[in-house]
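*Asks:* Predicted model, plus sequence, below.
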Amino acid sequence: MCGIIGYIGNKQAYPILIDGLKRLEYRGYDSSGVAILNENKKTSIYKSKGKVSELEKYTSDKDVCGKIGMGHTRWATHGEPNDINAHPHQSANGYFTLIHNGIIENYSNLKKRLENRDYVFKSETDTEILANLIEYIYIKGKVSAEMAVRLALTKVVGAYALVISCKNEPEQLIVAKNSSPLIIGIGQEEYFIASDASPIVQYTQSVIYLNDKDIAIIKRDEFSYKTIKNDILSPKIEKLNLGIGAVEKQGYDHFMLKEIFEQPSSILDTFRGRIAADFSKIYLGGLLDVMPKLIKTKRIIIIACGTSWHAGLVGEYLLEEFTRIPVEVEYASEFRYRNPIIYKDDIVIAISQSGETADTLSAIKLAKDKGATVLGICNVVGSSIARETDAGVYTHAGPEIGVASTKAFTAQVTILTMMSAMIGKEKNIITEDKYKKLILELISIPDKIKKILLLNERFKKIAAMYKDANNFLYLGRGYFFPVALEGALKLKEISYIHAEGYPAAEMKHGPIALIDKKMPVVVIATKDKSYEKIVSNIQEVKARKGIVIAIVTEGDKTIKEIADHVLEIPKAEASLVSLLAVIPLQLLSYHIAVMRGCNIDQPRNLAKSVTVE
Ligand code: M6R
């Protein structure tokens with residue numbers, strides 16, 4: 001889960017690489033580096049521990065001229081973050097320079113074989129081994145750089161997105177991909193290579209999404225595309241349809257804040273073209289072919305990680321309520337390693353913002369091998385998961401750059417709601433009336449979120465009161481249990497405060513022991529069928545002197561009397577309230593983290609897409 005960028009063309013490469021690295025920094029930010037080929041065909045490599053700004057400082061007095069280059073921002077897997085382990089890496093005799101996102105799983109075997117041939121390694125990375133393997137094949141086999149790369153890749157087990165240059169064939173870049181994302185942007189006699197579209201969108205809208213085990217050999221005026229087995233392919237050129245604004249902060253202090261405030265419009269984008277103009281029908285085109293299977297299936301399994309897993313839990317409640325199909329929600333990483341029972345008529349739904357999460361991708365492959373039909377709910381168009389699944393639906397929430405997921409969650413829940421309503425209607429589980437009411441309720445959600453966002457200053461005041469707490473507890477029942485989990489995750493990952501999400505009724509089976517006058521307890525306590533019970537849970541917290549911050553339905557008077565703070569959200573159909581209740585929790589975490597001086601968009605130890613298992 002690193003970010004990679006490459007450029008070949010007639011412009012100076014360095015500014016393009018640095019700007020690209022800053023846009024990709026959310027993918028990894030413990031060290032970075034660039035390699036630039038200068039006019040004399042000499043490659044200069046500069047690397048620096050820390051963020052891209054450190055690299056910029058380090059290169060400020062260096063010669064960075066040249067029109068071909070590559071850059072990398074790292075999230076360490078093999079070897080600690082330092083200048084030596086940072087990319088680009090060069091082979092021992094300097095023939096090959098490369099950057100890599102992914103993991104070479106059989107690196108240890110490859111390393112031993114190379115050590116037996118007197119290769120010595122400077123870094124602790126798997127990437128340096130690959131650079132030397134390519135070089136070894138190149139020298140020994142007396143083959144072209146392209147062929148050496150292809151032959152080396154046939155010996156590699158693992159994930160890679162690579163940009164490679166060869167000192168003897170300097171006017172080209174070789175790129176290859178397997179299970180890690182890679183996009184090539186096509187300009188006027190210039191090409192941009194990147195992990196995602198964010199560094200490319202300002203230069204071109206024409207892109208090629210590389211497929212697994214494909215390789216491209218790129219010169220300024222020539223482009224060839226083939227498999228690593230040398231079968232020639234014709235690349236599919238696609239349009240990005242993405243404005244530069246989508247990948248900039250546009251006046252917000254952080255991407256996370258921008259993304260929280262974008263939710264009214266990102267949910268509208270999720271609806272776009274999928275709800276009839278008279279609000280009578282939901283139309284998810286990606287599901288039409290699999291609808292007969294969805295109607296017949298006896299079981300749905302949802303697989304995901306992190307926030308997407310929380311959305312999956314909301315999906316479980318939605319699907320079971322509206323379709324009466326039993327649903328299981330699994331952490332992709334657990335599912336993958338426990339030899340799960342999967343039937344051929346099972347439907348597996350994989351949820352992922354990035355579409356690149358390695359655990360989810362592996363779980364999909366396992367489910368497919370066992371014959372299940374796998375659907376995807378992804379945000380990133382053309383991502384590995386979107387390609388690997390049999391069918392699916394994009395969330396169309398727009399690029400999410402803050403590491404803490406916000407608008408992706410509400411978009412995923414929106415799709416799961418639409419999906420549940422569509423299947424429920426097809427199965428005649430929900431009536432025409434209920435279906436139409438649900439659609440009307442759903443389309444009112446963006447305006448209700450706008451109302452909640454107007455309370456931002458109030459969330460900020462509460463954040464200021466509890467920013468120094470050491471622990472937080474989040475409680476919710478039914479649809480709000482996943483929201484409690486999500487609230488706790490948001491706080492943990494960006495403010496580094498320990499937080500736990502719990503089903504409210506389970507509190508008395510253990511966590512109640514934690515409650516004292518220092519413990520803020522955030523309770524999602526809107527009016528639904530468990531309202532009376534949640535009021536009792538609040539009483540239980542207050543009886544032990546805990547501090548209650550309650551998310552309540554507008555106009556609630558009962559809880560106002562007991563809780564320390566109430567945050568009101570508009571009334572909505574119970575199954576949709578999770579889309580509203582999560583907003584105050586996102587903003588509370590955001591403000592607490594800002595007040596604690598944390599790095600909001602790039603929290604420590606994390607990366608946006610986790611492409612390692
Ligand atoms: O891209 P994905 O949705 O597959 O990512 C899954 C998790 O890595 C992600 O949700 C992570 O938990 C976020 N940092 C949560 O904010």
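*Replies:* It's in. Numbering: from 1, shown residues only.
*Asks:* Next one: the closest residue to A391 other than its chain neighbours from the ligand, what distance?
*Replies:* Once flanking residues are discounted, A391 sits nearest to V290: 4.8 Å by Cβ to Cβ, 6 or more residues apart in numbering. Using the backbone N, CA and C atoms, a C-beta is placed for each residue, glycine as well. Here the criterion is Cβ to the nearest ligand atom, to the nearest Å. By it, V290 lies 21 Å from the ligand.
*Asks:* does V290 really touch L375, like I thought?
*Replies:* Yes. Using Cβ atoms under 8 Å, V290 is in contact with L375, at 6.6 Å.
*Asks:* Could you tell me which residues touch both of these two?
*Replies:* Listed as contacting both V290 and L375 by Cβ atoms under 8 Å, 6 or more residues apart in numbering are 347, 390-391.
*Asks:* a markdown table for these, including distance to the ligand and secondary structure?
*Replies:* A markdown table is the format used below for those (distance: Cβ to the nearest ligand atom, whole Å; DSSP: H, G, I helix; E, B strand; the rest coil):
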| residue | distance to the ligand | secondary structure |
| --- | --- | --- |
| I347 | 19 | strand |
| D390 | 18 | coil |
| A391 | 18 | strand |
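*Asks:* Check the closest residue to Y531 other than its chain neighbours and give its pLDDT.
*Replies:* Nearest non-adjacent residue to Y531, counting by Cβ to Cβ, 6+ apart: A525, 7.2 Å away. Listed pLDDT for A525 reads 96.
*Asks:* Can you report how many residues neighbour the residue lying closest to L162 once chain neighbours are set aside?
*Replies:* Using Cβ to Cβ, 6+ apart and skipping the chain neighbours, the partner closest in space to L162 is A176 (4.8 Å). The number of residues packed around A176, counting by other Cβ atoms under 10 Å, is 27.
*Asks:* What of V201?
*Replies:* If you count neighbours by other Cβ under 10 Å, V201 ends up with 24.
*Asks:* quick one: contacts for it?
*Replies:* By Cβ under 8 Å, 6+ apart, the contact set of V201 is 240, 242-244, 246-247.
*Asks:* partner residues bridging the residue nearest to L162?
*Replies:* For A176, the beta-bridge partners are L162, I215 (DSSP bridges).
*Asks:* what residues are up against it?
*Replies:* 149, 153, 160-162, 164, 182, 210, 213-216, 228.
*Asks:* one more time with 6 Å
*Replies:* Going by Cβ atoms under 6 Å, 6 or more residues apart in numbering, A176 touches 153, 162, 215.
*Asks:* Report the separation between K517 and I462.
*Replies:* Applying Cβ to Cβ, to the nearest Å, the value for K517 to I462 is 17 Å.
*Asks:* The two: which is more packed in?
*Replies:* Legend: neighbour count by other Cβ under 10 Å for K517 and I462, higher for I462 (20 against 8).
*Asks:* Quick one, grab the pLDDT at that one.
*Replies:* If you check I462, the pLDDT there is 97.
*Asks:* how about the residue nearest to it when sequence neighbours are not counted, phi and psi?
*Replies:* Leaving aside its sequence neighbours, I462 sits nearest to H565 (Cβ to Cβ, 6+ apart; 5.5 Å). Per-residue torsions, H565: phi -140, psi 140 (degrees, to the nearest 10).
*Asks:* Just the pLDDT at H565, thanks.
*Replies:* On the pLDDT scale, H565 gets 97.
*Asks:* How many residues are close by it?
*Replies:* When neighbours are defined as other Cβ under 10 Å, H565 has 17 of them.
*Asks:* With the one 5 residues further on instead?
*Replies:* Using other Cβ under 10 Å, P570 is surrounded by 18 other residues.
*Asks:* how much space between it and L576?
*Replies:* The spacing between P570 and L576, counted by Cβ to Cβ, is 11 Å.
*Asks:* Same question for A505.
*Replies:* Distance check for A505 against L576: by Cβ to Cβ, it reads 22 Å.
*Asks:* Which of the two has more residues huddled nearby?
*Replies:* More crowded of A505 and L576, by other Cβ under 10 Å: L576, with 21 against 15.
*Asks:* for the more buried one, what are its contacts?
*Replies:* L576 sits in contact with E441, where contact means Cβ under 6 Å, 6+ apart.
*Asks:* how does it look with 10 Å?
*Replies:* By Cβ atoms under 10 Å, 6 or more residues apart in numbering, the contact set of L576 is 314, 318, 413-414, 417, 438, 441-442, 444-445, 448, 479.
*Asks:* Same question for S384.
*Replies:* Going by Cβ under 10 Å, 6+ apart, S384 touches 159, 177-182, 209, 211-212, 352, 354-358, 360-361, 364, 376, 378, 609, 611.
*Asks:* got it, and G158?
*Replies:* G158 makes contacts with 100, 102-107, 126, 130, 178-180, 612, as judged by Cβ under 10 Å, 6+ apart.
*Asks:* which non-adjacent residue is nearest V381?
*Replies:* That would be Y394: by Cβ to Cβ, 6+ apart, it lies 6.0 Å from V381.
*Asks:* How far does stretch 5-16 stretch from one end to the other?
*Replies:* Across stretch 5-16, the terminal residues are separated by 9 Å (Cα to Cα, to the nearest Å).
*Asks:* Kindly report the residues of the stretch 201-350 of the chain close to the ligand.
*Replies:* Residues of the stretch 201-350 of the chain found near the ligand (Cβ under 6 Å from any ligand atom) are 305-308.
*Asks:* Tell me which two of the residues you listed sit farthest apart.
*Replies:* C305 and T307 (8.3 Å; Cβ to Cβ).
*Asks:* Quickly note the distance from the residue lying closest to K545 once chain neighbours are set aside to the ligand.
*Replies:* Among residues not flanking K545 along the chain, K517 sits closest, at 4.2 Å (Cβ to Cβ, 6+ apart). Taking Cβ to the nearest ligand atom as the measure, K517 and the ligand are separated by 30 Å.
*Asks:* and K57, how far is that from R23?
*Replies:* 19 Å.
*Asks:* The nearest residue to S179 once chain neighbours are set aside: what secondary structure?
*Replies:* Excluding the flanking residues, the one nearest S179 by Cβ to Cβ, 6+ apart is A159, at 3.8 Å. Here A159 is recorded as strand under DSSP: H, G, I helix; E, B strand; the rest coil.
*Asks:* Can you name the residues of the stretch 451-600 of the chain sitting close to the ligand?
*Replies:* The stretch 451-600 of the chain comes close to the ligand at residues 489, 493, as judged by Cβ under 6 Å from any ligand atom.
*Asks:* how about the helices in the stretch 301-450 of the chain?
*Replies:* 306-323, 332-337, 358-369, 384-388, 407-426, 432-443, 445-453 (DSSP state H, counting those that start in this stretch).
*Asks:* What sits closest to K560 if chain neighbours are left out?
*Replies:* Spatially, and ignoring its direct neighbours in sequence, K560 is nearest to V566 (5.2 Å; Cβ to Cβ, 6+ apart).
*Asks:* just G398 next, same as before
*Replies:* Excluding the flanking residues, the one nearest G398 by Cβ to Cβ, 6+ apart is A246, at 5.1 Å.
*Asks:* What residues does that neighbour make contact with?
*Replies:* Applying Cβ under 10 Å, 6+ apart to A246 gives the contacts 197-198, 201, 240, 262, 398-401.
*Asks:* which residues sit in contact with the residue nearest to L284 when sequence neighbours are not counted?
*Replies:* Of all residues not flanking L284 in the chain, V393 sits nearest, at 5.2 Å (Cβ to Cβ, 6+ apart). Contact partners of V393, counting by Cβ under 10 Å, 6+ apart, are 270, 274, 284-287, 349, 375-378, 386, 412, 415-416, 418-419.
*Asks:* With that, I have no additional questions.
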